[in-house]
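# Sequence plus predicted model, see below.
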2 protein chains.
Amino acid sequence: MTDLPKSIDIHEEGPREGFQIEPGPISSADKIALIEALAETGLQHIQVCSFVNPKLVPRWADADAVAGGFRPKDGVHYTGLWFNGRGLERALAHRDRLSLYGSITTTASEAFTQKNLNRSHAENMVAQRKQAALHLSHGIEIRRISVQAAFGCNYQGDITPADVIRVLTDGFAIADEAGVKPAIISLADTMGWATPIRVERLLGEVRSRWPEQRLSLHLHDTRGLAVANAHAGLRMGVNRFDSTVGGLGGCPFAGQKGAAGNICTEELVLLCEEMGIATGVDLDALIEVGRMAERIVGHQLPSELIRAGSLDAFRRKAA
Amino acid sequence: MTDLPKSIDIHEEGPREGFQIEPGPISSADKIALIEALAETGLQHIQVCSFVNPKLVPRWADADAVAGGFRPKDGVHYTGLWFNGRGLERALAHRDRLSLYGSITTTASEAFTQKNLNRSHAENMVAQRKQAALHLSHGIEIRRISVQAAFGCNYQGDITPADVIRVLTDGFAIADEAGVKPAIISLADTMGWATPIRVERLLGEVRSRWPEQRLSLHLHDTRGLAVANAHAGLRMGVNRFDSTVGGLGGCPFAGQKGAAGNICTEELVLLCEEMGIATGVDLDALIEVGRMAERIVGHQLPSELIRAGSLDAFRRKAA
């Protein structure tokens, strides 16, 4: 247990991840209301929107209205997501309100790279090299190297730590060429293949290879193991997590196969705070925001905690 | 990781726990169909019904029809639940089909003992002493000492390992008096207060005090941490778990507070099998039974895995 961090940074992605998949139209006002409520909980990093092609993701056709519409709170970092030059241009227009960071994004599964990006890994590395140059030309810091499908892939099967280290090495080569040193390695369990033992093995190998980089996990609860995987990550010293309030991001249609939500922010906060790991988040306030998210999307969200309530709420009643 | 067991025993409680809480009437035929399907998955312990007062639990008014109606499979142990002499009498009528085991049941929270049983802990110990004598008079082995609310209580707040050890000591005193040595200590997170660190601490202390007893966990997913708690338990050498297929046992009304389901059997199996811990269960077959349970209850169950499918299913496709 010696590697448990004293505190973690949570990067809340509920607005961005959640609203892109919801079937019902969600008003810009509701999106903004959720972002502003999240900022009041103590969360310091909130991803507010995705600057994507509205033909591909119609739910984010209002990205500019949302990015320009919320009332920023001091001390909170708001971020956006983009995948290409056109998206970056849109993000740059909100530079006064958004914290813009670049990343070099790799995928550990060749099959998924083809399926998702219609490119080979080698082709994607060319694209990432261009993207890195573009970021730097705009004075945007390249902070992260991230790996999609780092634990397994529905199209390729198991992914080994060697596969991940190979694509990370390619990512770091791009960073070296560009003269930058990304501080963070982010490992994404895109399709829900992680298990605690696989988290331990992969993080152990990555940490040995790049001991100076900070490790971050992006977990999905596709097969119900996300919280166990987060716990395994904490034990390996991970102190940065992406998550979504309420477990937003899941598929709202009962019985339909597909992406389950991300790890639930409030369940991650409960886990950490009860283990003495500071998150800076007021859990009861966050649970209220989870309930608000459920009202906005109009259907039940995966979070169990927003129904049960925090332990502290019961402790106060029992006292 | 040295304490990870090589294999675990799973006690499937889906039929009993699940059907007592469901709002819709579930036919005896459906209950029996689920029990028979579970027996085909490799599960070796299935709790099939509850011999309770039908005025209190109308959904188990057909306990005798179910206990007497399913087709037993060789090598599978079917059990029932009872709380008093009247229930035991009913269970005894099915002795040819059910494996009857007694337990001494304590509660670590005085407030919950009052609320749930309308007795003090001391009064409950008197009742448990009588119950133990009754079991032995019928030749029923007393196999377990169990502790309800072992990790915390909505009415009393935190429960310490010392609280648990105190009631366990009282339970073992009853066993000693009766001249029996229960082989299993079962710790129940009745109201969802367990966290991985609390599991480690409690199991560590209980194991030091009773090193010869086997440890068992009964976990609820009330606040989303059940799988993380199971993982912590495995690391402490726990090799016996209660669970329910699909996560049956939860409250089916969206947004209503109350008991979430038990830990999901198929997610527990996934966790174990992917860590090299044998369960004897065919996960793909079990996932099909989870989907069947969902059809029977007529609403979505908490299990993510019955929507996503096993990793092996994707491995076969990818190969």
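Here it is on my side, so go on.
# Kindly list the main-chain dihedrals of the residue of the stretch 51-200 of chain A found nearest chain B?
Distances between the stretch 51-200 of chain A and chain B by C-beta to the nearest C-beta are smallest at A:G157, namely 3.8 Å. Where you see a C-beta, it was placed from the backbone N, CA and C, and this is true even at glycine. Main-chain dihedrals, A:G157, degrees, to the nearest 10: phi 90, psi -150.
# Report the separation between the nearest residue to it once chain neighbours are set aside and A:H121.
Spatial nearest neighbour of A:G157, excluding adjacent residues (C-beta to C-beta, 6 or more residues apart in numbering or on different chains): B:A318 at 3.8 Å. The gap separating B:A318 from A:H121 is 17 Å, by C-beta to C-beta, to the nearest Å.
# out of these two, which sits in the busier spot?
Each of B:A318 and A:H121 has its neighbours counted (other C-beta atoms under 10 Å in any protein chain shown); A:H121 has more, 18 against 15.
# Do I have it right that that one meets A:V167?
Yes - using C-beta atoms under 8 Å, A:H121 is in contact with A:V167, at 6.6 Å.
# overlap in contacts of the two?
Both A:H121 and A:V167 are in contact with A:106-107, where contact means C-beta atoms under 8 Å, 6 or more residues apart in numbering or on different chains.
# returning to that earlier point: now do the same contact list for the residue nearest to A:G157.
Contact analysis of B:A318 by C-beta under 8 Å, 6+ apart lists A:111, A:153-157.
# Check A:V48 too.
Going by C-beta under 8 Å, 6+ apart, A:V48 touches A:15-16, A:31, A:35, A:66-67, A:70, A:78-80, A:98.
# Can you name the next helix or strand after the helix or strand bottoming out on mean pLDDT in chain A?
Ranking every helix and strand in chain A by mean pLDDT, DSSP states H and E puts helix A:19 at the bottom, with a mean of 86. Toward the C-terminus, helix A:19 is succeeded by helix A:28-39 as the next helix or strand (DSSP states H and E).
# List of residues touching that following helix?
A:12, A:14-15, A:19, A:46, A:48-49, A:62, A:65-66, A:69-73, A:76, A:78, A:245, A:286, A:288-289, A:292-293, A:296.
# Please convert the buried members of those into ChimeraX selection syntax.
Applying 16 or more other C-beta atoms under 10 Å in any protein chain shown to those leaves a buried subset, and the ChimeraX line that selects it is:
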select /A:12,14,15,19,46,48,49,62,66,69,70,72,76,78,245,286,288,289,292,293,296
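# For the stretch 101-250 of chain A, which residues are neighbours of chain B?
A:111, A:152-158, A:192-193, A:195-198, A:221-225, A:227-228, A:230-232 (C-beta under 8 Å from any C-beta of the partner chain).
# Tell me who's in contact with A:H77.
Residues in contact with A:H77, defined by C-beta under 8 Å, 6+ apart, are A:44-46, A:99.
# again, 7 Å this time
For A:H77, the contact set (C-beta atoms under 7 Å, 6 or more residues apart in numbering or on different chains) comprises A:44-45, A:99.
# same check, this time on A:L168
A:106, A:145, A:147, A:185, A:206.
# ok, the last one to chain B distance?
Read that as A:V206. A:V206 is 19 Å from chain B, where distance means C-beta to the nearest C-beta, to the nearest Å.
# what secondary structure does that residue sit in?
helix (DSSP: H, G, I helix; E, B strand; the rest coil).
# Same question for the fourth one.
The three-state assignment at A:I185 reads strand, by three-state DSSP.
# Surely it is in contact with A:H218?
No - taking contacts as C-beta atoms under 7 Å, A:I185 lies outside contact range of A:H218: 11.3 Å.
# More neighbours: which of the two?
A:I185 (25 against 22).
# Who's the closest spatial neighbour of that one, skipping the chain neighbours?
Using C-beta to C-beta, 6+ apart, the closest residue to A:I185 is A:Q213 (4.7 Å).
# can you pull the contacts of the one you found?
A:183-185.
# still on that earlier bit, kindly confirm whether my reading is correct that the residue of the stretch 51-200 of chain A closest to chain B touches B:K317.
No - A:G157 is beyond contact range of B:K317, at 8.4 Å (criterion: C-beta under 7 Å).
# Tell me the bridge partners for the residue sitting nearest the centre point of chain A.
In chain A, the C-alpha nearest the mean C-alpha coordinate belongs to A:D242, at 3.5 Å (C-alpha atoms, centre = their mean). Applying DSSP bridges to A:D242 yields these beta-bridge partners: A:H11, A:H218.
# re the thing from before, which one of A:G157 and B:K317 is surrounded by more residues?
Neighbour count, other C-beta under 10 Å: between A:G157 and B:K317, A:G157 has more, with 18 against 11.
# Check that one and give its pLDDT.
As predicted, A:G157 sits at a pLDDT of 95.
# returning to what we had before: can you give me the distance of the residue nearest to the centre of chain A to B:I26?
Distance, A:D242 to B:I26, by C-beta to C-beta: 40 Å.
# Repeat that for A:G80.
For A:G80 relative to B:I26 (C-beta to C-beta), the value is 48 Å.
# Specify which residue of these two has the higher count of neighbours.
A:G80 (25 against 18).
# pLDDT on the helix or strand harbouring that one, on average?
Under the criterion of DSSP H and E, A:G80 resides in strand A:77-81. Rounded to a whole number, the mean pLDDT of strand A:77-81 is 97.
# In the helix or strand that comes right after it, which residues are buried?
Going down the chain from strand A:77-81, the next helix or strand is helix A:85-92, by DSSP H and E. For helix A:85-92, the buried set under the neighbour-count rule, 16+ other C-beta under 10 Å, comprises A:87-88, A:90-91.
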